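pasting the sequence and the predicted model now:
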There are 2 protein chains.
Amino acid sequence: MKIGVGISNRHIHLTSEDYKLLFGDIPFTKRNDLNQPGMFASDLTVTLMGPKRSISNVRVLGPLRSYTQVEISKTDCYTLGIDALVRNSGDLSDAEEIMIVGPMGTITRNAAIIAARHIHVDERIREKYGLKGIEKVSVKILGEKSGIIDNVYLKDSDEAYFELHLDTDDGNAFLLKQNDEVEIIFR
Amino acid sequence: MKIGVGISNRHIHLTSEDYKLLFGDIPFTKRNDLNQPGMFASDLTVTLMGPKRSISNVRVLGPLRSYTQVEISKTDCYTLGIDALVRNSGDLSDAEEIMIVGPMGTITRNAAIIAARHIHVDERIREKYGLKGIEKVSVKILGEKSGIIDNVYLKDSDEAYFELHLDTDDGNAFLLKQNDEVEIIFR
């Protein structure tokens, strides 16, 4: 079955406590909605500082969460000089330490992960597409740099927009752009 | 069959004419040999300038060639603000224009490509591994971000070191490191 692609550039989710430490009283304003219902890109960015180099203009996504999480690619890891592990969002076990710099303060958190390839689903979508009880799938990608990616986890929420989320390494390796269509396969 | 991985970071091959324009009389000295017989990384680097941003410390490989060719990743294309096509080395048809800056001069060439995934072979290797007459293969990659990459071209030379060459996008998408082992498959 076909599914649309969303390429996730590096970004950060913040707790309200960490938001205050980084941004003080600066209001948390929305720049644009994302495809997932309720999610948005804010007007704000932070700088990530690793032991090797820093990366600026890292977008803060909303709404605020119960955990602070930095989602980066393997390429970003080499830039920063850290070795983040592949994790599903919300699983910060052994997450890498990273320094996060905002206009009003700096914090250091064990919060950096490479987000696992995932597809957003909800109960209605699982039912509609025959995905009930399935933990992960593979995805077939066409084009000049074609291939198959495995370990694409189904990520449940109450109300989801059916979309495949890849980081920029996967997106660029397969020459994928936002909203390209790929195919879910089982293997 | 198993094969070792070589990750190719962005680099440049130069003609002797372009070398002179960029480096003048600076000697073309070897930093280290590469796995392919005769090939080496020089002590020299250039800066690539695109319409959007520049990338410095781009290694000049040797020996000098009959064509100037800049091999970059899709990620580099976004950084530079250019849209290079996937090409086998030496095929510069519709190669992207790029400005190349050295210590003694600047040149602009239609020379930027994304190198196609390829495996270095020679006649002895083709015979030994049953690859005679084959144009391209696929490669199976294990690990947390496992999968399959297609359109891996066999690239012939007189004397080759049997190795899979991937750019940093492919390498990082699949969490591969230099000398990791992967498997050639036919599909």
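Okay, I see it.

from chain B, how far off is A:R124?
For A:R124, the distance to chain B equals 29 Å [CB to the nearest CB, to the nearest Å]. In short, each C-beta sits where N, CA and C put it, glycine included.

next one: phi and psi at that residue?
phi -60, psi -40 (degrees, to the nearest 10).

okay, now it: neighbour count?
11 (other CB atoms under 10 Å in any protein chain shown).

go on, A:D180?
18.

contacts for stretch A:173-183?
Contact partners of stretch A:173-183, identified using CB atoms under 8 Å, 6 or more residues apart in numbering or on different chains, comprise A:1-7, A:139-147, A:149, A:164, A:166, A:170-171, B:74, B:86, B:149, B:169-170, B:172-174.

helix, strand or coil for A:S138?
Secondary structure assignment for A:S138 (DSSP: H, G, I helix; E, B strand; the rest coil): strand.

just grab the bridge partners of the spatially closest residue to A:R117 that is not a sequence neighbour for me.
By the measure of CB to CB, 6 or more residues apart in numbering or on different chains, the closest residue to A:R117 outside its immediate chain neighbours is A:V152, 4.4 Å from it. Here A:V152 sits in beta bridges with A:V137, going by DSSP bridges.

which helix or strand contains the most far-flung residue of chain A relative to its centre?
Distance from the C-alpha centroid of chain A peaks at A:D25, with 26.1 Å (CA atoms, centre = their mean). Assignment of secondary structure by DSSP states H and E places A:D25 within no helix or strand.

can you give me the pLDDT of it?
On the pLDDT scale, A:D25 is placed at 98.

next: A:R187.
89.

can you select the buried ones from the contacts of stretch A:173-183 in ChimeraX?
A single ChimeraX command selects the buried members of the contacts of stretch A:173-183 (16 or more other CB atoms under 10 Å in any protein chain shown):
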select /A:3,5,6,7,139,140,141,145,147,149,164,166,170,171 /B:74,86,149,169,170,172,173,174
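
what residues does chain A have near chain B?
A:73-75, A:78, A:86, A:116-117, A:138, A:144-151, A:168-170, A:172-175 (CB under 8 Å from any CB of the partner chain).

can you name the residues that contact the residue lying closest to A:T15 once chain neighbours are set aside?
Ranked by CB to CB, 6+ apart and with sequence neighbours excluded, the top spatial neighbour of A:T15 is A:T68, at 5.2 Å. Neighbouring residues of A:T68 by CB under 8 Å, 6+ apart: A:I12, A:H13, A:L14, A:T15, A:D18, A:I100, A:I107, A:R109, A:A111.

can you do 10 Å?
A:T68 is in contact with A:12-15, A:17-19, A:21-22, A:92, A:95, A:98, A:100, A:107, A:109-111, counting by CB atoms under 10 Å, 6 or more residues apart in numbering or on different chains.

in PDB, list the C-alpha atoms belonging to the helix or strand where A:I7 lies.
Taking DSSP H and E as the criterion, A:I7 maps to strand A:2-8. The C-alpha trace of strand A:2-8 is given here as PDB (Å, rounded to 0.1, in the frame of the first residue of the first chain):
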ATOM      1  CA  LYS A   2       1.100   3.600  -0.800                       C
ATOM      2  CA  ILE A   3       2.100   6.100   1.800                       C
ATOM      3  CA  GLY A   4       3.300   9.700   1.700                       C
ATOM      4  CA  VAL A   5       6.700  10.700   3.000                       C
ATOM      5  CA  GLY A   6       7.500  13.400   5.600                       C
ATOM      6  CA  ILE A   7      11.200  14.200   6.000                       C
ATOM      7  CA  SER A   8      12.000  15.300   9.500                       C
END
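
what's the helix or strand for the residue nearest to A:T106 when sequence neighbours are not counted?
Nearest non-adjacent residue to A:T106, counting by CB to CB, 6+ apart: A:M99, 6.3 Å away. Assigned by DSSP H and E, A:M99 belongs to strand A:96-101.

and the angle from the next helix-or-strand element following that strand to strand A:2-8?
Using DSSP H and E, the helix or strand that follows strand A:96-101 in sequence is strand A:106-115. Orientation check (axes from the mean of the first three to the mean of the last three CA atoms, to 10 degrees): strand A:106-115 against strand A:2-8 gives 160 degrees.

so what strands line up beside strand A:106-115?
strand A:69-71 (parallel), strand A:86-87 (parallel), strand A:96-101 (antiparallel).

where in chain A is pLDDT low?
Within chain A, not a single segment meets pLDDT under 70.

can you count the residues close to the residue nearest to A:R117?
For A:V152, the tally of surrounding residues (other CB under 10 Å) stands at 25.

am I right that it is in contact with A:H120?
No - assessed by CB atoms under 10 Å, A:V152 is found out of contact with A:H120, at 11.2 Å.

intersection of neighbour lists for these two?
A:I3, A:L164, A:H165.
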